[in-house]
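Visitor: Structure for this input, please:
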Amino acid sequence: MPVRRSRIVPTEARGALAASLEALRRSLDLPASFPPEAQAEAERAAAAVPVDPAAAGLADLRHIEFLTIDPAGSTDLDQAVHLERTATGAILHYAIADVPAYVAPGGALDGEARRRAQTIYAPDGRIPLHPPVLSEHAASLLPEQDRRAYVWRFVLDDGARPVQTTLTRAVVRSRAQWAYAEAQEAIDLGTAPLTLLAMPWFGAERDARESERGGASLNLPETRVVAEGDGYRLESRDGVPLEEWNAHVSLLTGMAAAEIMLAGGVGILRTMPQADPDDVAEFRAQTIALGLPWRFDIPYGTYLSDLPHTPAGRAVREYAGGLFRGAGYVAFDGDPPDDPRQAAIGAPYAHTTAPLRRLVDRWSLVICDALANGRPVPDWARQSLPEVPALMAAGSQRAGRMDAGAIDRVEAAVLRGREGEVFDGVVLSVRGDGARVQLRRPPVEAKVAGLGDVVPGAEVRLRLDAASIADGTALFSEAAS
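Guide: Modelled structure (predicted):
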């Protein structure tokens with residue numbers, strides 16, 4: 001798991017960074033707290049909603065040895081997994097936090113969740129979709145706690161294809177909370193629980209099924225802001241294989257949810273149109289120019305997964321990220337969308353596995369539960385369904401602006417005081433007179449004008465001319481070789 005870290009933000013820059021991040025929050029009109037009515041409603045629900053299976057009228061699935069896999073330090077745990085190999089494949093159980101049990105439709109908490117749409121993660125503290133009394137406590141699938149959940153059960157064949165799917169509202173008890181790095185180490189050592197030891201098989205088979213569908217995973221390195229002491233630093237990491245294997249559990253569930261809603265004639269899908277043929281042709285030409293040609297007999301997903309971790313490989317992945325655009329949500333009640341697919345996945349797909357952190361998943365769960373078990377879809381879900389795509393679009397836009405703005409400001413703070421220094425970098429893409437360049441250290445992505453006749457994958461040397469924490473800008477120019 002290659003990890004590239006920056007130095008911690010210099011002490012003299014931390015006050016300016018804190019002020020800049022606060023100004024960014026204000027510019028996006030992000031709430032500092034929950035309205036009293038919504039907070040009180042959450043506290044009442046946390047205390048009153050039953051978790052005893054008999055009292056709640058739910059199935060008792062506490063005997064299943066679920067576990068959670070999340071980034072280190074997570075407390076808003078949406079999913080717990082149990083995977084057991086069989087002679088013909090496997091049985092997969094996937095428990096999703098029962099947020100609908102705690103959020104009354106039309107109430108103050110529901111109204112505030114609709115305004116927020118999703119949890120936003122910021123360096124100076126997250127802005128949660130639901131009050132922490134729910135998202136980090138009563139509704140979170142914390143270890144050794146009885147929790148309400150929607151439990152998907154998949155009977156898988158030897159290729160990890162679902163041959164039978166059921167959905168049950170139940171009470172579960174997770175046995176352990178794993179962070180990705182420690183879980184991957186336990187898998188590699190052979191000391192992990194059986195669920196984790198089965199994940200490499202599952203991930204490999206689901207990778208193969210993805211390739212058959214024409215889907216693909218980009219797996220670009222993630223740059224994130226890490227709190228350290230009373231400051232921050234940047235970290236760029238490629239992740240561990242378990243992250244992709246675990247993502248396949250969510251993808252499988254989202255595809256199953258889409259199938260249920262399409263068959264039932266009501267629901268909400270996460271869609272993305274097919275790449276434009278001209279864009280695909282341009283991408284193929286770029287792969288040739290970069291010395292990594294995409295052959296016509298190689299599936300798109302297989303090609304991307306086999307790319308080397310080199311500057312040219314990173315540039316190809318960046319270009320691939322621009323092939324698929326226009327992701328959104330489409331609600332339907334009656335006729336399904338003309339094209340229900342999510343093109344990058346290669347199948348119809350729905351968001352349904354993160355209800356603590358994403359608004360739309362609450363609708364997906366309620367609708368799928370009703371359809372899968374032969375009950376009418378609740379009126380509140382059906383009537384409000386057309387509103388959800390716009391709510392999610394607004395929330396996603398705010399989250400994207402917060403994420404990009406925060407990283408820009410921390411990057412500027414890390415660079416503060418280093419004006420005049422020269423940095424090595426790799427060109428990711430070129431647009432007109434500008435280029436996007438990834439610095440090797442610190443892991444900063446720079447937008448640079450006037451680089452001359454550079455091409456993606458080329459290595460360049462840049463001089464830092466200025467860094468402004470207030471607006472998150474860093475100005476570079478080409479340095480002499």
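Visitor: Rounded mean pLDDT for stretch 34-46, please.
Guide: Stretch 34-46 shows a mean pLDDT of 98.
Visitor: What are the buried residues along that stretch?
Guide: By 16 or more other C-beta atoms under 10 Å, the buried positions in stretch 34-46 come out as F34, A38, Q39, E41, A42, A45, A46. C-beta coordinates here come from the backbone N, C-alpha and C atoms, glycine included.
Visitor: ok, of those, which one's closest to T11?
Guide: F34 (33.4 Å; C-beta to C-beta).
Visitor: Hmm, V460 and V454 touching each other?
Guide: Yes - counting by C-beta atoms under 8 Å, V454 touches V460, with 6.3 Å between them.
Visitor: Pull up the overlap in contacts between the two.
Guide: Contact criterion C-beta atoms under 8 Å, 6 or more residues apart in numbering; residues shared by V454 and V460: V427.
Visitor: Which one's more surrounded, the two?
Guide: For V454 versus V460, neighbours defined as other C-beta atoms under 10 Å are more numerous around V460 (21 against 15).
Visitor: Which of the helices or strands spans that one?
Guide: Using DSSP states H and E, V460 sits within strand 459-468.
Visitor: The residue nearest to P340 when sequence neighbours are not counted and G301: what is the separation?
Guide: Spatial nearest neighbour of P340, chain neighbours left out: P348 (4.3 Å); criterion: C-beta to C-beta, 6 or more residues apart in numbering. Per C-beta to C-beta, to the nearest Å, P348 is found 17 Å from G301.
Visitor: Low-confidence bits of the protein, can you list those?
Guide: 1-7, 219-221, 481 (pLDDT under 70).
Visitor: still on that earlier bit, can you tell me the strand partners of the helix or strand just after the strand holding V460 and which way each runs?
Guide: Per DSSP H and E, the first helix or strand lying C-terminal to strand 459-468 is strand 473-478. Strand pairing for strand 473-478, determined by DSSP bridges: strand 459-468 (antiparallel).
Visitor: buried stuff in the partner strand?
Guide: Neighbour-count burial for strand 459-468 flags V460, L462, L464, A467, S468 (criterion: 16+ other C-beta under 10 Å).
Visitor: do the same with stretch 151-168
Guide: Those would be V151, W152, R153, F154, V155, L156, A160, P162, T165, L167, T168, for stretch 151-168 by 16+ other C-beta under 10 Å.
Visitor: need the contact list for the residue nearest to P340.
Guide: M255, A258, E259, L262, L269, P340, R341, Q342.
Visitor: Can you classify the nearest residue to R440 once chain neighbours are set aside as helix, strand or coil?
Guide: Take R440 and drop its neighbours on the chain: the residue closest to it by C-beta to C-beta, 6+ apart is D424, 4.8 Å away. Three-state secondary structure (criterion: DSSP: H, G, I helix; E, B strand; the rest coil) places D424 in strand.
Visitor: didn't S140 look like it was pressed against Q79?
Guide: No - using C-beta under 8 Å, S140 is not in contact with Q79, being 10.6 Å away.
Visitor: Please tell me I have it right and the residue nearest to R440 contacts E459.
Guide: Yes - using C-beta under 8 Å, D424 is in contact with E459, at 6.7 Å.
Visitor: Let's see which of the contacts of P348 end up in strands.
Guide: Of the contacts of P348, the ones assigned to strands by DSSP state E are L269, R341, Q342.
Visitor: Can you show me the helices along the stretch 301-450 of the chain?
Guide: Assigned by DSSP state H, counting those that start in this stretch, the stretch 301-450 of the chain shows helices spanning 311-321, 360-372, 379-384, 388-415.
Visitor: Which positions in the third one come out as buried?
Guide: Of the residues in helix 379-384, A381, R382, S384 count as buried by neighbour count, 16+ other C-beta under 10 Å.
Visitor: For L304, which non-adjacent residue is closest in space?
Guide: In space, L304 is closest to A216, 5.0 Å off (C-beta to C-beta, 6+ apart).
Visitor: Phi first, then psi, for G326.
Guide: Backbone torsions of G326, given as degrees, to the nearest 10, read phi 90, psi 20.
Visitor: List the ones among the buried residues of stretch 34-46 that fall in helices.
Guide: A38, Q39, E41, A42, A45, A46 (DSSP state H).
Visitor: now, among the residues you listed, which is nearest to G374?
Guide: A45 (27.5 Å).
Visitor: for the stretch 101-250 of the chain, what spans make up the helices?
Guide: Using DSSP H, counting those that start in this stretch, helices in the stretch 101-250 of the chain cover 108-116, 132, 180-189, 194-197, 199-213, 241-264.
Visitor: contacts for the second one?
Guide: For helix 132, contacts defined as C-beta under 8 Å, 6+ apart pick out T75.
Visitor: cool, the first one as well?
Guide: In this structure, residues lying in contact with helix 108-116 by C-beta under 8 Å, 6+ apart are 31, 34-35, 37-38, 40-42, 45, 102-104, 127-131, 359, 362, 387, 391, 395.
Visitor: how about that helix: buried residues?
Guide: A108, L109, D110, E112, A113, R114, R115, R116.
Visitor: now the angle between helix 360-372 and that helix, please.
Guide: Orientation check (axes from the mean of the first three to the mean of the last three C-alpha atoms, to 10 degrees): helix 108-116 against helix 360-372 gives 120 degrees.
Visitor: what's the distance between helix 108-116 and the middle of its chain?
Guide: Here helix 108-116 is found 21 Å from its chain centre; the criterion is C-alpha atoms, centre = their mean, to the nearest Å.
Visitor: Isn't G417 up against A13?
Guide: Yes - with contacts counted by C-beta under 8 Å, G417 reaches A13, the gap being 7.4 Å.
Visitor: These two: who's more crowded?
Guide: A13 (21 against 13).
Visitor: ok, the more buried one - contacts?
Guide: A13 makes contacts with A413, R416, G417, I469, as judged by C-beta under 8 Å, 6+ apart.
Visitor: and it, what helix or strand is that in?
Guide: Taking DSSP H and E as the definition, A13 sits inside helix 11-27.
Visitor: ok, and for stretch 292-309, which residues are buried?
Guide: In stretch 292-309, counting by 16+ other C-beta under 10 Å, buried: L292, W294, P299, Y300, G301, Y303, L304, S305, L307.
Visitor: contacts for that stretch?
Guide: With contacts defined as C-beta under 8 Å, 6+ apart, stretch 292-309 is touched by 2, 207, 210-212, 214-219, 238, 283-284, 287-288, 312-313, 316-317, 320, 346.
Visitor: can you check stretch 260-271 too?
Guide: Counting by C-beta under 8 Å, 6+ apart, 165, 167, 254, 257-258, 327-334, 336-337, 339-342, 348-351, 360, 363-364, 367-368, 371-372, 377, 382, 385, 388-389 sit against stretch 260-271.
Visitor: What are the buried residues along that stretch?
Guide: The neighbour-count check on stretch 260-271 (16+ other C-beta under 10 Å) flags I260, M261, L262, V266, G267, I268, L269, R270, T271 as buried.
Visitor: closest to D403 among these?
Guide: For those, the nearest to D403 is R270 (18.8 Å; C-beta to C-beta).
Visitor: Against R325, how distant is the closest one?
Guide: Counting by C-beta to C-beta, the gap from R270 to R325 is 14 Å.
Visitor: likewise S140?
Guide: Taken as C-beta to C-beta, the span from S140 to R325 is 34 Å.
Visitor: Over to I298?
Guide: 23 Å.
Visitor: still on that earlier bit, dump the buried residues of stretch 34-46 to CSV, plus distance to R25.
Guide: Output for the buried residues of stretch 34-46, formatted as CSV (distance: C-beta to C-beta, whole Å):
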residue, distance to R25
F34, 15
A38, 19
Q39, 19
E41, 24
A42, 22
A45, 27
A46, 26
